[in-house]
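Engineer: Below are the sequence and a predicted model for it; my questions follow.
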Amino acid sequence: MKKILVTGGAGYIGSNTAHLLVRRGFDVMVVDDLSRGHAHNVAGIPFRRLNLSESGALADVLAREKADAVIHFAAYIAVGESTQNPELYFSNNVGGTISLLAAMAQAKVKRLVFSSTAAVYGMPKIVPIPEESPFAPVNPYGETKVMIETMLGWLDQYSGLRSIALRYFNACGSDPESDLGEEHDPETHLIPLLLKAIVTGNPITLFGDDYDTPDGTCIRDYIHVMDLAAAHVLAVENLLAGGASDAFNVGTGTGHSVLQVVRAVEEVTGNKVPYTIGPRRPGDPPSLVANSEKLKRTLGWKPKFPDLTDIVKTAWQFEQKRSATS
Ligand code: UFG
């Protein structure tokens, strides 16, 4: 049985992937410092509380567990926070990854799946975005991921580290078969905030309706977290089978405007979303939609939740469970 070390496995995408790996027959160990993740997300999975800066301890875990590969989620992800505190993002995301890479080198682990982001493309000229689009991040968060992808290119060439970078678009939804869901604190993402606005009655601010898009609001590619998790399983299987280093977009290929998401939420919940229109949020590109043909073609990935309404239904199920228990 292949052993996978999952960093950041107590977070939203990491925990869904860790549990899916277990269901697919992998041996899984999670490391997470719980600064943003939740211990309840790793119930039933071997877990060690560790910050990535503890390189020696990480190398010990990798060697003792005889890890065959690492899937590396552990990172801070809030674009706004990265503009307010770039030092934190460079130190946690880039510094943490350098420490992990050193530990992997020490333990001779040569396979890595890396959480990258659509934010590496900034304001792309071609949408849907192909992987060949140039790196042009417009915030420190996106830059941290560019820096890491760049390092991985050099380590492929000179250290024999084979890696796959998965560039996520807008992760959302929850696994109908588990209790895992999106629980960021503070929450900054559109779908959980729309659902919360319905639950609390407090209006959400929509950031700008004067973009050059059909209804004036920003367009994003909302991808179900289980489809993202499935992409990680395919990527790690590919590397373990001797696959080469690569990078893939992970999105549905369909864009939805903020107002279209509002309407989907209203349809699913049967409630009106209370909202106001505010100014644009700095650093928001008007449109980010993936061209994910390469992932489909190369790794045989196929999204199970291509429809936004189905995705919102799963997010709503989770929000209802959560508001019933909190
Ligand atoms: N939005 C609002 N009001 C809110 C929150 C969001 O109008 O209160 C809008 C945003 O302006 C944007 C859209 O909803 O147009 C989606 O915003 P999110 O904050 O949910 O997601 P982002 O597109 O900003 O970012 C997400 C991830 C990033 C990743 C990016 C890639 O958080 O890590 O997707 O597409 F880089």
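Structural biologist: That came in fine, so what should we check first? Note that this is a predicted model, so its numbers are computed, not measured. Residues are numbered from 1 along each chain as shown.
Engineer: Skipping its backbone neighbours, what lies nearest residue 69 in space?
Structural biologist: Distances taken as CB to CB, 6 or more residues apart in numbering place residue 111 nearest to residue 69, at 3.7 Å, with adjacent residues excluded. Backbone N, C-alpha and C define where each C-beta goes, glycine included.
Engineer: swap that for residue 212, sorry
Structural biologist: Distances taken as CB to CB, 6+ apart place residue 286 nearest to residue 212, at 6.0 Å, with adjacent residues excluded.
Engineer: how near is that neighbour to residue 122?
Structural biologist: As judged by CB to CB, to the nearest Å, residue 286 and residue 122 stand 12 Å apart.
Engineer: do residue 176 as well
Structural biologist: As for residue 176, its distance to residue 122 is 34 Å (criterion: CB to CB).
Engineer: neighbour-wise, which of these two wins?
Structural biologist: When neighbours are counted by other CB atoms under 10 Å, residue 176 and residue 122 differ, and residue 122 comes out ahead with 20 against 12.
Engineer: For the residue nearest to that one when sequence neighbours are not counted, which three-state class applies?
Structural biologist: In this structure, residue 122 finds its nearest non-sequential neighbour in residue 136, 3.7 Å apart by CB to CB, 6+ apart. Of the three states, residue 136 takes coil under DSSP: H, G, I helix; E, B strand; the rest coil.
Engineer: residue contacts, residue 136?
Structural biologist: When contacts are counted by CB atoms under 8 Å, 6 or more residues apart in numbering, residue 136 touches 121, 122, 123, 124.
Engineer: now residue 97
Structural biologist: For residue 97, the contact set (CB under 8 Å, 6+ apart) comprises 52, 72, 75, 148, 151.
Engineer: if I've got this straight, it is in a strand?
Structural biologist: No: using three-state DSSP, the assignment for residue 97 is helix, not a strand.
Engineer: what's the pLDDT at it?
Structural biologist: For residue 97, the pLDDT comes out at 98.
Engineer: same check, this time on residue 267
Structural biologist: Reported pLDDT at residue 267 in the predicted model: 98.
Engineer: just residue 5 next, same as before
Structural biologist: What the model reports for residue 5 is a pLDDT of 98.
Engineer: what's the answer for residue 256, then?
Structural biologist: pLDDT, residue 256: 98.
Engineer: Just list the residues touching the closest residue in space to it that isn't next to it in sequence, thanks.
Structural biologist: With sequence-adjacent residues excluded and distances taken as CB to CB, 6+ apart, residue 256 is closest to residue 308, at 5.4 Å. Contacts for residue 308 (CB under 8 Å, 6+ apart) come out as 222, 254, 256, 260, 261, 264.
Engineer: wait, which of the contacts of residue 97 is closest to residue 93?
Structural biologist: residue 75 (4.6 Å; CB to CB).
Engineer: isn't residue 223 right up against residue 166?
Structural biologist: No: contact between residue 223 and residue 166 fails when scored by CB atoms under 8 Å: they sit 10.6 Å apart.
Engineer: ok, the two, which is more surrounded?
Structural biologist: residue 223 (28 against 23).
Engineer: Next, see if the helix or strand hosting residue 313 gets close to the ligand.
Structural biologist: Assigned by DSSP states H and E, residue 313 falls within helix 308-325. No: in terms of CB under 6 Å from any ligand atom, no part of helix 308-325 sits within range of the ligand; the closest distance is 11.6 Å.
Engineer: which bits of the stretch 151-300 of the chain sit near the ligand?
Structural biologist: By CB under 6 Å from any ligand atom, the residues of the stretch 151-300 of the chain that approach the ligand are 169-170, 188-190, 193, 204-207, 218, 220, 258, 281, 284, 288.
Engineer: tell me the strands in the stretch 1-150 of the chain, going along the chain?
Structural biologist: Ranges of strands within the stretch 1-150 of the chain are 3-7, 27-32, 47-49, 69-72, 111-117, based on DSSP state E, counting those that start in this stretch.
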